[in-house]
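Undergrad: Need a 3D model of the following:
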Amino acid sequence: MALIKPFKAIRPTKDKAPYVASRSYEEYSKDELKSVLKYNPFSFLHIINPGFKFDKNITGKERFKLVHNRYLEFLEDAIFTKDNQPCFYLYQITKRDFKTLGFFCACSVLDYQNDIIKKHENTIHRREELFASYLNTVGFNAEPVLMTYSDNESIKALLQNEAAKEPHYNFTTTDKINHKLWKIEEKDTIAKLENAFGKIDALYIADGHHRSASSNLLAEKMKAANTSHTGNEAYNFFMTYLIPESEIRIYEFNRMVMDLNGYSKEEFLIQLDTHFRIEKKDDGLYKPTQKHHFSMYLDGEFYSLYLRKTVYEFTDALSELDTQILYKTILEPILGIHDLRNDKRISYGYGKYNLLKMKDSIDRGEFAVGFSLVPININEIKSIADAGLVMPPKSTYIEPKLRSGLAIYEL
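TA: Model prediction:
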């Protein structure tokens, strides 16, 4: 059963929270990042970009040490403060099209090892080692793993009761997203949440497979080095944001390939005919509407591809996944894409206008062909994870995307 723990968070002071909170580093353009660092001295980006202070690009272990130093400065300057008692932290994100209510807690690496925390993606050991080294040097975790659980009425009632109170933070960022955070500090409520999750069989990682794997690796290394290890040390846990499965949003990634692997357009279409019923579409942008149905853009035209189920064998949960079907019927055997993660001939896209962006990039000659899929659903993710299988890379783009710096877990 799932073990969750409250923790004493490092948090921005109430007046500075809107300025501290930052999006993921990768989401900023170069110019936007430079502007934030120049004009907002409270941004969490100053901690993870310590070289800005010296007008120098700093990498590797030297950067890790400076990240730790910037973090200490935020504490010394009272930008950050530490709570006196362990709490859960309820966090609500409200966008124009959806709202999600979850909470920050500490989850157990033992649950990760024992498959109570379930995964659906492979991780790269080199990246695990790098991030474990980073965590060990900086001494804190500021990016929670996004995990989900089956909707539960008792947990929902507890969280909604807390959300009816006055929030500790309440601000709206420039992307028009509202953020509210409450401290759950009453011991009775904490115990009820712990007990409720103690009856839950599994938690599912939605986003943060490398972060959780790195936390597990760090815990193993610190355990080996600690002759007085008890299992209760902070390194035995990692920060998580837990939300019910009904409140995550899953979007698709399109696939775009630079060439047709030596085939002419006509030859390529004939190759596709083995596994798909092909229909040309003449009415503008065309998106797929159901599982095992794909949209393809090729040479200025959209095509509908319906899988011929009589010639494709479904053997397990992975074989039924549209990203796997596309890989096994087109990308690998016809287009010669064997390594979906590292092959430079394939690119991925997501977002509200991604179909149009895909079309435009192909029209400009940057790619030869593009494929659009319907989003994978939560039940497919759970089926893959429960079976111990892994999805192809870039199978899901999942929201909410969390702000960094609102709650920090010290190791």
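Undergrad: Would you map the helices across the stretch 301-411 of the chain?
TA: Using DSSP state H, counting those that start in this stretch, the helices found in the stretch 301-411 of the chain span residues 322-326, 354-363, 378-386.
Undergrad: any idea which of these is most buried?
TA: Mean neighbour count (mean count of other C-beta atoms under 10 Å) peaks for helix 322-326 among those, with a mean of 22. All C-beta spots, glycine's among them, are computed from the backbone N, C-alpha and C.
Undergrad: Distance from that one to the middle of the chain?
TA: 20 Å (C-alpha atoms, centre = their mean, to the nearest Å).
Undergrad: What of stretch 186-196?
TA: Worked out by C-alpha atoms, centre = their mean, stretch 186-196 lies 27 Å from the chain centre.
Undergrad: Just the buried positions in that stretch, please.
TA: 189, 190, 193, 194, 196 (16 or more other C-beta atoms under 10 Å).
Undergrad: before we move on, the earlier item: out of the helices of the stretch 301-411 of the chain, flag the one nearest residue 283.
TA: helix 354-363 (13.5 Å; C-beta to C-beta).
Undergrad: Correct me if wrong: residue 91 contacts residue 104.
TA: Yes. Counting by C-beta atoms under 8 Å, residue 91 touches residue 104, with 6.2 Å between them.
Undergrad: For the two, list the residues in contact with both.
TA: The contact sets of residue 91 and residue 104 overlap at 241, 407 (C-beta atoms under 8 Å, 6 or more residues apart in numbering).
Undergrad: Please report how far residue 44 lies from residue 106.
TA: 20 Å (C-beta to C-beta, to the nearest Å).
Undergrad: quick one, which of these two is more surrounded?
TA: residue 44 (27 against 21; other C-beta atoms under 10 Å).
Undergrad: Which phi and psi values does the more buried one adopt?
TA: The phi and psi values for residue 44, taken as degrees, to the nearest 10, are phi -60, psi -20.
Undergrad: shouldn't it be in contact with residue 23?
TA: No. Counting by C-beta under 8 Å, residue 44 sits too far from residue 23 to count as a contact (9.6 Å).
Undergrad: mind listing the strands for the stretch 151-300 of the chain?
TA: 169-172, 178-184, 203-207, 237-244, 249-251, 254-257, 276-281, 293-298 (DSSP state E, counting those that start in this stretch).
Undergrad: among the ones you listed, which is nearest residue 215?
TA: Using C-beta to C-beta, these put strand 237-244 closest to residue 215, at 3.6 Å.
Undergrad: Starting from the closest one, tell me which strands it pairs with and how they run.
TA: strand 99-108 (antiparallel), strand 145-149 (parallel) (DSSP bridges).
Undergrad: how many degrees apart are the last one and helix 378-386 in direction?
TA: Compare the direction of strand 145-149 with that of helix 378-386 by axes from the mean of the first three to the mean of the last three C-alpha atoms, to 10 degrees and you get 110 degrees.
Undergrad: cool, and the first one?
TA: Here strand 99-108 runs at 10 degrees with respect to helix 378-386, directions being taken by the same axes, to 10 degrees.
Undergrad: So what touches strand 99-108?
TA: So strand 99-108 is contacted by 2-7, 9, 88-93, 117, 144-145, 147, 159-160, 163, 184, 193, 203, 234, 236-244, 247-248, 399-400, 407, 409 (C-beta under 8 Å, 6+ apart).
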